[in-house]
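Okay, structure incoming, though there's no sequence with it:
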């Protein structure tokens, strides 16, 4: 039998959906979890546990996989840090704020992760109700290439008591949205 790799995950997914690709993911992880294919497969498995692609959401299993990716951050980049922070945010517990902040700041320091900037803004809004601080992170993500950053910035400015700045930036966001798509670095997910 042919030794399967990361591209086989994509083929299985396109053919029969995520559950079909899970077998390939598990096979790659069982064979060589520290290889490039193994790290990418672990990331997909973590995202699957986080989003419920396996049939149910399992934050604990997602965090377990993200922990492995954090250890391999020198090879895999900041995606493990962002994933772990995102799961903590989704758990919606205020006591997670400091850890979310630490992980996002580490991801930002590591490779300028613009999604970590947005998630950090969400955490400031959700857990601290600090809209001014959140707007700073949103605007920074916009300046680094995320179209979403300007939209969240404008909403946070309105909530922080600066409606003129918020409405003006909201106008520009909607007027220029089609153009932003040409240079958006965030690609698919908002955070």
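Thanks, I have it. Please read these numbers as outputs of a predicted model, since none were measured by experiment. Numbering: from 1, shown residues only.

So, low pLDDT: which residues of this protein?
In the predicted model, the chain carries pLDDT under 70 at residues 1-2, 183-191.

Show me what the helix or strand containing residue 47 is in contact with.
With secondary structure defined by DSSP states H and E, residue 47 is part of helix 36-51. Surrounding helix 36-51, the residues in contact under the criterion C-beta atoms under 8 Å, 6 or more residues apart in numbering are 5-6, 9, 18, 21-22, 24-26, 28-29, 31-33, 53-54, 57-59, 61-62, 65-66, 68-69, 72, 75-76, 79-80, 83, 86-87, 90. All C-beta atoms are positioned from the backbone trio N, CA, C, and that covers glycine.

Let's see that with 7 Å instead.
Residues external to helix 36-51 that are found in contact with it (C-beta atoms under 7 Å, 6 or more residues apart in numbering): 5-6, 9, 18, 22, 25, 28-29, 32-33, 54, 57-59, 61-62, 65-66, 68-69, 72, 75-76, 79, 83, 87.

go on, stretch 77-92?
Stretch 77-92 is contacted from outside by 43, 46, 50, 59, 62-63, 66-67, 69-70, 73, 96, 99-100, 103-104, 106-107, 110-111, 113, 115-116, 119, 122-123, 191, using C-beta under 7 Å, 6+ apart.

Please repeat the previous calculation with a cut-off of 6 Å.
Contacts of stretch 77-92 with the rest of the structure, by C-beta atoms under 6 Å, 6 or more residues apart in numbering, involve 46, 50, 59, 62-63, 66, 69-70, 73, 96, 99-100, 103-104, 106-107, 110-111, 113, 115-116, 119, 123.

Neighbour count says what about the residues you listed? Which are buried?
Under a neighbour-count criterion of 16 or more other C-beta atoms under 10 Å, the subset of the contacts of stretch 77-92 counted as buried comprises 46, 50, 62-63, 66, 69-70, 73, 96, 100, 103-104, 106-107, 113, 115-116, 119, 123.

if I look at the closest residue to residue 20 other than its chain neighbours, how far off is residue 108?
By the measure of C-beta to C-beta, 6 or more residues apart in numbering, the closest residue to residue 20 outside its immediate chain neighbours is residue 12, 4.6 Å from it. Computed with C-beta to C-beta, to the nearest Å, the distance linking residue 12 and residue 108 is 34 Å.

ok, these two, which is more surrounded?
Between residue 12 and residue 108, counted using other C-beta atoms under 10 Å, residue 108 has the larger neighbour count: 23 against 19.

surely that one meets residue 116?
Yes - if you go by C-beta atoms under 6 Å, residue 108 and residue 116 touch, sitting 5.1 Å apart.

if we can go back for a sec, if you look at the contacts of stretch 77-92, which of them are in strands?
The members of those all map outside strands under DSSP state E.
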